[in-house]
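Q: any chance you could fold what I've pasted below:
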Amino acid sequence: MAKQKALLVIDMQNDFILPDGLMRVNGGQAIVPSVIKAVEAARQHGILVIWVVREHDPQGRDVELFRRHMYSSGKLGPNIKGTFGAELVDCLVIKEIDYKLVKTRFSAFFATHLHSFLQSSGINNLVIIGVQTPNCIRQTVFDAVALDYRSVTVIVDATAAATPEIHAANILDMKNVGVATPTLQEWFDSIA
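A: Alright, predicted model coming up:
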């Protein structure tokens with residue numbers, strides 16, 4: 001079963017997690033230890049770790065229209081490829097056995113090769129962690145459900161949003177479409 005499963009780690013980058021990050025998610029720093037533990041457990045159990053990151057053109061030509069103003073007039077916008085803001089936060093490291101996917105929109109599936117990569121790898125069960133619950137997590141989850149992945153799991157204490165209320169409301173929405181929503185410990189117990 002581990003060979004049919006992947007852990008998607010979404011947007012755990014400096015611009016989203018650090019206190020001075022340009023796109024800081026308030027709950028992001030608090031989940032870093034849980035993300036580290038989930039990644040370690042996945043590797044130990046032979047579950048492929050896929051690091052999903054946002055990287056943008058310095059001029060913002062590949063960002064959503066509503067964000068293009070953040071890259072205008074010579075401003076250094078968020079998650080520009082090759083900058084500190086686009087790097088993973090300390091303690092999170094992409095290893096040779098892992099896979100990195102770059103996206104420019106909320107969903108890890110939108111305008112990327114993720115679906116074909118997962119299909120060709122025989123992966124039909126996804127576990128999702130990272131930030132931010134109402135945007136990139138939710139969009140990726142709903143696309144995975146629409147694409148008929150056998151199981152989609154969101155680890156509730158390894159994902160975060162701007163507020164606990166926003167996080168809880170979005171977790172409930174995902175649970176209502178059949179997504180499993182265990183805690184990290186419950187997920188550990190399920191893969192042991």
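Q: neighbours around the nearest residue to residue 76 once chain neighbours are set aside, how many?
A: Of all residues not flanking residue 76 in the chain, residue 83 sits nearest, at 7.1 Å (Cβ to Cβ, 6 or more residues apart in numbering). Placement of C-beta: from N, CA and C, glycine included. Residue 83: 18 surrounding residues under other Cβ atoms under 10 Å.
Q: residue 86 reaches residue 14, doesn't it?
A: Yes. Under the criterion of Cβ atoms under 8 Å, residue 86 makes contact with residue 14 at 7.3 Å.
Q: quick revisit: distance of the residue nearest to residue 76 relative to residue 152?
A: 32 Å (Cβ to Cβ, to the nearest Å).
Q: who are the packing partners of the longest strand seen in the chain?
A: Taking DSSP state E as the criterion, the chain has its longest strand at strand 151-160. Strand 151-160 sits against helix 28-44, strand 125-131, helix 138-146, helix 164-175, helix 184-191, with contacts defined as 3 or more Cβ pairs under 8 Å, 6 or more residues apart in numbering; DSSP states H and E.
Q: for the shortest one, buried residues please.
A: When neighbours are counted by 16 or more other Cβ atoms under 10 Å, the buried residues of strand 125-131 are found to be 125-131.
Q: farthest pair within those residues?
A: Within these, 125 and 131 form the most distant pair, 21.7 Å apart (Cβ to Cβ).
Q: for this protein, list the residue farthest from the centre, please.
A: residue 73 (29.7 Å; Cα atoms, centre = their mean).
Q: what secondary structure does that one sit in?
A: Three-state call for residue 73 (DSSP: H, G, I helix; E, B strand; the rest coil): coil.
Q: and it, how far from residue 60?
A: Taking Cβ to Cβ, one finds residue 73 at 11 Å from residue 60.
Q: what does residue 145 give?
A: Computed as Cβ to Cβ, the residue 145 to residue 60 distance reads 30 Å.
Q: any weak-confidence spans in the protein?
A: 1 (pLDDT under 70).
Q: kindly recompute the last result at 90.
A: Applying pLDDT under 90 to the chain flags residues 1-3, 72-76, 192.
Q: can you count the residues close to the residue lying closest to residue 106 once chain neighbours are set aside?
A: Once flanking residues are discounted, residue 106 sits nearest to residue 139: 3.9 Å by Cβ to Cβ, 6+ apart. For residue 139, the neighbour count with other Cβ under 10 Å is 18.
Q: same question, residue 97
A: Around residue 97 there are 9 residues (other Cβ under 10 Å).
Q: same check, this time on residue 117
A: Residues lying near residue 117 (other Cβ under 10 Å) number 15.
Q: look up phi and psi at it.
A: Dihedral angles of residue 117 (phi, psi; degrees, to the nearest 10) stand at phi -60, psi -50.
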